[in-house]
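[1] Kindly return the folded structure for what I paste below:
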Amino acid sequence: MIDATDLKEQQMIVVTGATGNLGTLVVEGLIEQVPAQEIAVVVRDAAKAARLGERGVEVRQADYDDPASLTGAFREGEKVLLISGSEVGRRVPQHKAVVDAAKDAKVALLAYTSVLGGPAADFELAREHQLTERYIIDSGLPYTLLRNGWYHEVYTGAIGQAVAAGGLLTSAAEGARVASAARADYAAAAVAVLTGEGHENAEYELSGDEAWTFEEYAAELSRRLGKEIPVNRVPAEKHREILLGAGVPDTFAPILVGIDEAISRGFLAVQTGDLARLIGRPTTPIADAIARAVDQA
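    As a prediction, this is how the structure comes out:
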């Protein structure tokens, strides 16, 4: 017989990395859909999740870099969202530790925030995601791969830099397009998977409904600011030099340049409609994201 405690554990939804930008939105979205008592978060710093605890969310402390701390972080029958780590170069062992703990716990579903294109993506930032995806699939756990495209916030968060530099810096080819979406859109997709049914062993290619060019982005930003913000298009090597001069670490600058090269090849312009279908509405237009960022500046 299953007692009330067992039933509660089977219904729990667990979010790792829950105090980050994406995780925060996912947890807030879950709280709107299910009782807070059916949500748990796995965080490195429990103090950062204290307010969630006050709202009834269960706070579990563990560290991607400490596999032993992940023992007991998950329980049988739970649905788990593994939000990819932010420390590029260290993410594969971090993710493997989470997958191993989830497998040991016999969770019902492991969802993972990956990258648009999955195995086909040929840029450096995708490599750790691809290795993680393969590890998840080979684990035998029921899984959902949420292959997130580019975020609007990558660009709207750099509006101040574009203004200060006198233009939008890119080494992407003229006419290249980006089918980005808002971080909140991707969070809503994760919520839909975690609260819904029928997503086992599914792979979703998530991107915005609109694919825009840098010229279109700059024109909309110029209109909103009331001043001309041109596109400063430079060769890849010059782009790398500028990033290094701005303080971007020498291990990460080539990755950013590689993303623009991928944009030139169309890798981040893919539009499948998966994101809009999962969230049940159109994705957030880039113009709306620009307007919001300008208003909040």
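[2] helix or strand right after the helix or strand of the chain with the lowest mean pLDDT?
    Least confident helix or strand of the chain, by mean pLDDT, DSSP states H and E, is helix 4-11 with a mean of 48. Sequence order places strand 13-16 as the next helix or strand after helix 4-11, per DSSP states H and E.
[3] Could you spell out the sheet neighbours of that following strand, each with its direction?
    strand 39-43 (parallel), strand 79-82 (parallel) (DSSP bridges).
[4] can you state the direction angle for the helix or strand just after it and strand 39-43?
    Per DSSP H and E, the first helix or strand lying C-terminal to strand 13-16 is helix 21-33. Interaxial angle of helix 21-33 relative to strand 39-43 (axes from the mean of the first three to the mean of the last three Cα atoms, to 10 degrees): 170 degrees.
[5] Let's test this: mean pLDDT of helix 21-33, rounded?
    For helix 21-33, the mean pLDDT works out to 97.
[6] Now it: buried residues?
    For helix 21-33, the neighbour count (16 or more other Cβ atoms under 10 Å) marks 22-27, 29-31 as buried. All C-beta spots, glycine's among them, are computed from the backbone N, C-alpha and C.
[7] about what we covered before: among the strands paired with strand 13-16, which comes closest to S264?
    strand 79-82 (30.4 Å; Cβ to Cβ).
[8] What residues sit buried inside the closest one?
    79-82.
[9] go on, stretch 54-65?
    Those would be 57-60, 62-64, for stretch 54-65 by 16+ other Cβ under 10 Å.
[10] and if you look at stretch 117-135?
    Neighbour count says stretch 117-135 has 117-118, 121, 123-124, 126-130, 132-133 buried, by 16+ other Cβ under 10 Å.
[11] what do you get for stretch 140-159?
    141, 143-153, 155-156, 159.
[12] now A181, which residues is it bridged with?
    Y151.
[13] Identify the residues contacting it.
    Contacts of A181 were listed using Cβ atoms under 8 Å, 6 or more residues apart in numbering, and they are 149-152, 206-209, 275, 283-284.
[14] quick one: which of the residues you listed sit in helices?
    Among the contacts of A181, the ones falling in helices (DSSP state H) are L275.
[15] quick one: which of the contacts of A181 is nearest H199?
    When the contacts of A181 are compared against H199 (criterion: Cβ to Cβ), the nearest one is L206, at 12.8 Å.
[16] Do I have it right that L256 meets L244?
    No - using Cβ atoms under 8 Å, L256 and L244 do not qualify as a contacting pair, with a distance of 10.4 Å.
[17] and the closest residue to G117 other than its chain neighbours, what element?
    Distance criterion Cβ to Cβ, 6 or more residues apart in numbering; nearest residue to G117, sequence neighbours excluded, is F267 at 5.6 Å. For F267, there is no host helix or strand (DSSP H and E).
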